[in-house]
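Engineer: test case, fold it:
(chains A and B)
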2 protein chains.
Amino acid sequence: MKLTYHMSTKVIMGEKCIRDNAELIRGMGKRALIVTGASSAKLCGALDDVTASLKSAGKSHVIYDKVMNNPTVDCVYDGAAIARREGTDFVIAIGGGSPMDAAKAIALLARQIMPRKKLFSGEFGTDVLPMAHVPTTAGTGSEVTPYAILTNDEIHSKQSISSPALFPKYAFLDVRYLNSLPHQAAVNTAIDALSHAVEGMLTVRAGIMSDLIARESISRISACFDALTGRSLDKENKEQLLYGSMLAGIVIANTGTTALHSMGYPLTYYKNIEHGRANGLLMAAYLEFLNTHVPEKISEILSLMNIDSVNSLRLLLDKLLGGKEAVTLKEIEQYAENSSMSKNVKNTIYEPSVTDMQGIYRQSFKL
Amino acid sequence: MKLTYHMSTKVIMGEKCIRDNAELIRGMGKRALIVTGASSAKLCGALDDVTASLKSAGKSHVIYDKVMNNPTVDCVYDGAAIARREGTDFVIAIGGGSPMDAAKAIALLARQIMPRKKLFSGEFGTDVLPMAHVPTTAGTGSEVTPYAILTNDEIHSKQSISSPALFPKYAFLDVRYLNSLPHQAAVNTAIDALSHAVEGMLTVRAGIMSDLIARESISRISACFDALTGRSLDKENKEQLLYGSMLAGIVIANTGTTALHSMGYPLTYYKNIEHGRANGLLMAAYLEFLNTHVPEKISEILSLMNIDSVNSLRLLLDKLLGGKEAVTLKEIEQYAENSSMSKNVKNTIYEPSVTDMQGIYRQSFKL
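Structural biologist: Numbers count the residues shown, from 1 in each chain, chains lettered A, B, ... in the order given. Predicted coordinates:
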């Protein structure tokens, strides 16, 4: 029996958990950089909770709210310059995966000035501003991973920075922040979380402990399928999704993701398809491909979802995702080539070839 | 839904994992203090693996092998004095709970000089020598907890030091080290681990995530009951026990223990009864007591053990533990009084009174 397990973030889940834990924030530093996107942190109430907690802890703050979807390398260098200029000594990230991932790179670059190439090498020191992450979607799991995924125009795709130093110190999970999430964002992020747990079980690094957590995550997320298709998420569903996506984050923190993520990235980069949706569009064809190579794994995953076949999953995902974007055969060839460069492909329990990936894209887009 | 989860240690399990991970040890510091007991670390091969790994990482070391069972406060102050005198900047603990717990206090006191009273207050800073823990029993789970339990003669009992700064940086789990463990030590430590997972589910702090891990732990440990009673532990059993005890450590890192541990401590302090055995002697009567107050919880726990009643568990434990020590009614009165001072009692899902605890002792010792 071999296993490796690491996830150093302290997770605190509960309504008003940020206001109730001002004491923890007090211990983080003197002046906070709040990293967020343009509007969702304000809309959902998280920004108010964070600033109230900072105030009661007697800490000043600066807000950097320029993080766009799929944040660029420029964006995190800008954020780090502000962190240094403003003398901030800790970071609070509020948002979905984009602000949470950007915040990690900003916390790193605020302490360690380095050229872009080095940033993606992972070969940097452990000196990083302490971070607290506040997810406002139930998808990315970034609050409990050591990864920051950025858009890197040099390789025409998204690319991951990875280091144990990037685990946030705290993750605050408050289900109320999901209340203002639009339906399609809830769907896309739930699929992203599902895809993390499912892919975690399909990596070469999967082990008994990551599988234990992945199974729990898949069960919790799948229990919300009916409410997702019926557009009727209640508070309990949202809690299950928030808990399930955090668990899925722990899974990929330990296993990494697979070819499915590699194949989703070009759809996001070239077609601007939201990350969770991109994975969802490809998931059924991807599992069908793996079903011919590791049928017992796929069968276990489907059974955790309480779904009888890959085809039933396809129908469910079609219903959740609606009409698909148009993609050409030529584009598919390029995307498959592009995906094959990603290291996640080699992390897959059965490694798809470029041709296999073309087949998965074609089936997904009915070409 | 409320939950708190934290366990920052990186766990690496596998045969020869210490020799295979010299690179991690290289990053810990320049000169190691190896903290261990008189003989077991040498006997089981762990000390050789650690020194070989240190050598290949180019690090020097000093050995402090004076940790006795149920280590005293004197012992950890001695160890810390040696750490400072020898200029060691990281700690490797090898052994059961005693060396692993002592190592945490030593790593702390090596960096922060403080009077004894402050040590147990938990009100100290986070500056602690980095630690790697190598369990040679499958019981305590100390390798993944923020606790150090020491014998404190001032309160005539064992007492816990607790701080997130006491999580080891690494835990190396190699099943081969269990091969030289005497049968009764294997039994006692397995019961200790079982008791952690069971008690974790019976705390006021138990939550969905600690329960997930506790259930897995109880199942894994209980799957070895037959091999434990038949004295026929094979490699797979030992792996299950080592994995199960580590999981149980994660559970109590998040939930703490309950009145059962409080009641075991006086048996260890006054009667020199080994810690796991002490819990085992009391466990059936304790669960019977709780069964009248939280029957659904006890029933779930028994079902995870694949055991049909508290009485069947009593018979199993009697078989595993053999003849019981003699205890008088007067002693029991004192022990119950003593236990009631421990904070773990208040952490119990249904708090036993002093009279309840006397009853549990009396039933356990047939008085």
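Engineer: now do the helices in the stretch 251-367 of chain A.
Structural biologist: Counting by DSSP state H, counting those that start in this stretch, the stretch 251-367 of chain A has helices at residues A:259-271, A:275-291, A:295-304, A:310-321, A:329-340, A:354-364.
Engineer: ok, now how distant is A:D89 from A:G27?
Structural biologist: Using CB to CB, to the nearest Å, A:D89 is found at 12 Å from A:G27. C-beta coordinates here come from the backbone N, C-alpha and C atoms, glycine included.
Engineer: quick one, which of these two is more surrounded?
Structural biologist: Using other CB atoms under 10 Å in any protein chain shown as the criterion, A:D89 and A:G27 rank with A:D89 on top: 17 against 12.
Engineer: looks like A:H293 contacts A:Y350 (just checking).
Structural biologist: Yes. Between A:H293 and A:Y350 there is a contact under CB atoms under 8 Å: 3.9 Å.
Engineer: could you check the pLDDT of A:P99?
Structural biologist: As predicted, A:P99 sits at a pLDDT of 97.
Engineer: hmm, it is touching A:A93, no?
Structural biologist: Yes. With contact defined as CB under 8 Å, A:P99 reaches A:A93; the gap is 5.3 Å.
Engineer: what do those two both touch?
Structural biologist: A:35-36 (CB atoms under 8 Å, 6 or more residues apart in numbering or on different chains).
Engineer: contacts for stretch A:224-231, please.
Structural biologist: Stretch A:224-231 is contacted by residues A:183, A:186-187, A:190, A:233-234, A:237, A:240-241, A:244, A:305, A:316, A:319-320 when judged by CB under 8 Å, 6+ apart.
Engineer: so which bits of it are buried?
Structural biologist: A:224-225, A:227-228 (16 or more other CB atoms under 10 Å in any protein chain shown).
Engineer: filter those residues down to the ones in helices?
Structural biologist: Residues of those located in helices (DSSP state H): A:225, A:227-228.
Engineer: ok, these vs chain B, which is closest?
Structural biologist: Closest to chain B out of those is A:A227 (15.7 Å), distances taken as CB to the nearest CB.
Engineer: coming back round to it: quickly check the buried residues of stretch A:224-231 for the two that are furthest apart.
Structural biologist: Greatest spacing in those, by CB to CB: A:F225 and A:A227 (7.4 Å).
Engineer: for the residue of the stretch 251-367 of chain A found nearest chain B, which residues are in contact?
Structural biologist: Of all residues in the stretch 251-367 of chain A, A:N254 sits closest to chain B, at 9.8 Å by CB to the nearest CB. By CB under 8 Å, 6+ apart, A:N254 lies in contact with A:4-7, A:200, A:205, A:207, A:209-210.
Engineer: repeat that for A:F124.
Structural biologist: Going by CB under 8 Å, 6+ apart, A:F124 touches A:108, A:112, A:114, A:118, A:163, A:165.
Engineer: next: A:F167.
Structural biologist: Contacts here follow CB under 8 Å, 6+ apart; on that basis A:F167 touches A:7-9, A:144-146, A:253.
Engineer: from those residues, which land in helices?
Structural biologist: Reading helices off the contacts of A:F167 with DSSP H, I get A:A253.
Engineer: most surrounded residue in the contacts of A:F167?
Structural biologist: The most neighbours of any of the contacts of A:F167, using other CB under 10 Å, belong to A:T145, which has 31 neighbours.
Engineer: circling back to that earlier point, which of the contacts of stretch A:224-231 are buried?
Structural biologist: A:186-187, A:190, A:233, A:237, A:240-241, A:244, A:305, A:316, A:320.
Engineer: let's have those in JSON lines, adding secondary structure, pLDDT and distance to chain B.
Structural biologist: Output for these, formatted as JSON lines (DSSP: H, G, I helix; E, B strand; the rest coil; pLDDT from 0 to 100; distance: CB to the nearest CB, whole Å):
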{"residue": "A:A186", "secondary structure": "helix", "pLDDT": "97", "distance to chain B": "17"}
{"residue": "A:V187", "secondary structure": "helix", "pLDDT": "97", "distance to chain B": "21"}
{"residue": "A:A190", "secondary structure": "helix", "pLDDT": "98", "distance to chain B": "17"}
{"residue": "A:L233", "secondary structure": "coil", "pLDDT": "97", "distance to chain B": "14"}
{"residue": "A:N237", "secondary structure": "helix", "pLDDT": "98", "distance to chain B": "11"}
{"residue": "A:Q240", "secondary structure": "helix", "pLDDT": "98", "distance to chain B": "8"}
{"residue": "A:L241", "secondary structure": "helix", "pLDDT": "98", "distance to chain B": "11"}
{"residue": "A:G244", "secondary structure": "helix", "pLDDT": "98", "distance to chain B": "11"}
{"residue": "A:M305", "secondary structure": "coil", "pLDDT": "98", "distance to chain B": "18"}
{"residue": "A:L316", "secondary structure": "helix", "pLDDT": "97", "distance to chain B": "25"}
{"residue": "A:L320", "secondary structure": "helix", "pLDDT": "97", "distance to chain B": "24"}
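Engineer: measure how far the helix or strand hosting A:Q159 is from the centre of its chain, please.
Structural biologist: A:Q159 belongs to strand A:157-162 when assigned by DSSP states H and E. For strand A:157-162, the separation from the chain centroid amounts to 12 Å (computed by CA atoms, centre = their mean, to the nearest Å).
Engineer: direction included, what does it pair up with?
Structural biologist: strand A:147-152 (antiparallel) (DSSP bridges).
Engineer: and the strand it pairs with, C-alpha only, in PDB?
Structural biologist: Backbone C-alpha positions of strand A:147-152 (Å, rounded to 0.1, in the frame of the first residue of the first chain) are rendered in PDB as follows:
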ATOM      1  CA  TYR A 147      -2.400  25.300  -7.700                       C
ATOM      2  CA  ALA A 148      -2.900  28.600  -9.500                       C
ATOM      3  CA  ILE A 149      -4.100  28.200 -13.100                       C
ATOM      4  CA  LEU A 150      -3.400  31.200 -15.300                       C
ATOM      5  CA  THR A 151      -3.900  32.000 -19.000                       C
ATOM      6  CA  ASN A 152      -0.400  31.900 -20.600                       C
END
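Engineer: interface residues of chain A facing chain B?
Structural biologist: Taking CB under 8 Å from any CB of the partner chain, the part of chain A that reaches chain B is made up of A:1-14, A:17, A:164, A:175, A:208-209, A:212-213, A:216, A:236, A:239, A:243, A:247.
Engineer: restricted to helices, list the residues you listed.
Structural biologist: Short answer: the residues of chain A next to chain B in helices (DSSP H) are A:17, A:208-209, A:212-213, A:216, A:236, A:239, A:243, A:247.
Engineer: would you mind giving the residues you listed as CSV with pLDDT added?
Structural biologist: Listed next are these as CSV, based on pLDDT from 0 to 100:
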residue, pLDDT
A:C17, 98
A:I208, 96
A:M209, 97
A:L212, 98
A:I213, 98
A:E216, 98
A:E236, 98
A:E239, 98
A:Y243, 98
A:L247, 98
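Engineer: and these, which is closest to chain B?
Structural biologist: Distances from chain B to those, taken as CB to the nearest CB, are shortest for A:E239 (4.3 Å).
Engineer: my read: that closest one touches A:V175, true?
Structural biologist: Yes. Judged on CB under 8 Å, A:E239 makes contact with A:V175 at a distance of 4.9 Å.
Engineer: where do the contact lists of these two overlap?
Structural biologist: Jointly contacting A:E239 and A:V175 under the rule CB under 8 Å, 6+ apart are B:M1.
Engineer: and the spatially most central residue of chain A, what helix or strand is that in?
Structural biologist: The centroid of chain A falls nearest to A:T140 when counting by CA atoms, centre = their mean (2.3 Å). Under the assignment given by DSSP H and E, A:T140 is not contained in any helix or strand.
Engineer: who does the longest strand seen in chain A touch, helix- and strand-wise?
Structural biologist: In chain A, with assignment by DSSP state E, the single longest strand is strand A:3-13. Of the remaining helices and strands, those touching strand A:3-13 by 3 or more CB pairs under 8 Å, 6 or more residues apart in numbering or on different chains; DSSP states H and E are strand A:170-173, helix A:208-222, helix A:235-255, strand B:3-13.
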